[in-house]
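S.K.: model this:
(one chain, ligands or ions: 1)
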Amino acid sequence: MSTLVKNILDVKGRSVVTTGSATSLGEAAKILSENRIGALVVVAPDGKIAGIFTERDVVNAVAKSGRESLDQPLAGLMTAKVYRCKEDSTVDELMELMTKRRFRHVPVEDKGKLSGIISIGDVVKSRIREIELETEQIKAYIAG
Ligand code: AMP
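M.R.: Predicted coordinates:
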């Protein structure tokens, strides 16, 4: 059976770096760099997810507006329609979603609240672990 999102979060933790939609692109780039992450979840004052802003959006904004983009707020640069998953979503489901929609980050929502974020790196790590375990089981079966 495929690993659950919950299993990944239990190991990596549930904290998510967030910001508001008034944050400028320049500030957002700093937050991404300082935290060594590729995505920021943009939240509304009530804590609900308002959008997602990733390093890809930095590239797109700079390509479009040059240095002027640095002062622009995330509100107009982020992706507002955010695909989310649940703690009981499977890694297989996330792999399919990321491949189909061509993004590398999926926020996790539990009872309407942000409870973590899964990156493509987490998905790859988890798949490799699954394959290693399967290989060990097959080897043990053959030997046994
Ligand atoms: P990424 O590959 O995650 O850097 O994102 C590529 C593009 O998809 C960027 O424009 C992001 O804003 C957008 N994006 C990233 N994650 C999501 C998501 N979970 N739902 C919707 N859009 C997303």
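
S.K.: check contacts around residue 84.
M.R.: Residue 84 sits next to 49, 106-109 when contact means CB atoms under 8 Å, 6 or more residues apart in numbering. Where C-beta positions appear, they are placed from N, C-alpha and C, glycine not excepted.

S.K.: actually residue 113, not the one I typed
M.R.: Applying CB under 8 Å, 6+ apart to residue 113 gives the contacts residue 47.

S.K.: Tell me the buried residues in the longest helix along the chain?
M.R.: Secondary structure of the chain per DSSP state H: the longest helix is helix 120-143. Neighbour-count burial for helix 120-143 flags 120, 122-123, 126 (criterion: 16 or more other CB atoms under 10 Å).

S.K.: What residue, apart from its backbone neighbours, is nearest the residue positioned nearest the centre of the chain spatially?
M.R.: The chain has residue 105 as the residue nearest its centroid, 2.6 Å off, counting by CA atoms, centre = their mean. Once flanking residues are discounted, residue 105 sits nearest to residue 39: 4.0 Å by CB to CB, 6 or more residues apart in numbering.

S.K.: List phi and psi for that neighbour.
M.R.: When read as degrees, to the nearest 10, the backbone of residue 39 gives phi -150, psi 150.
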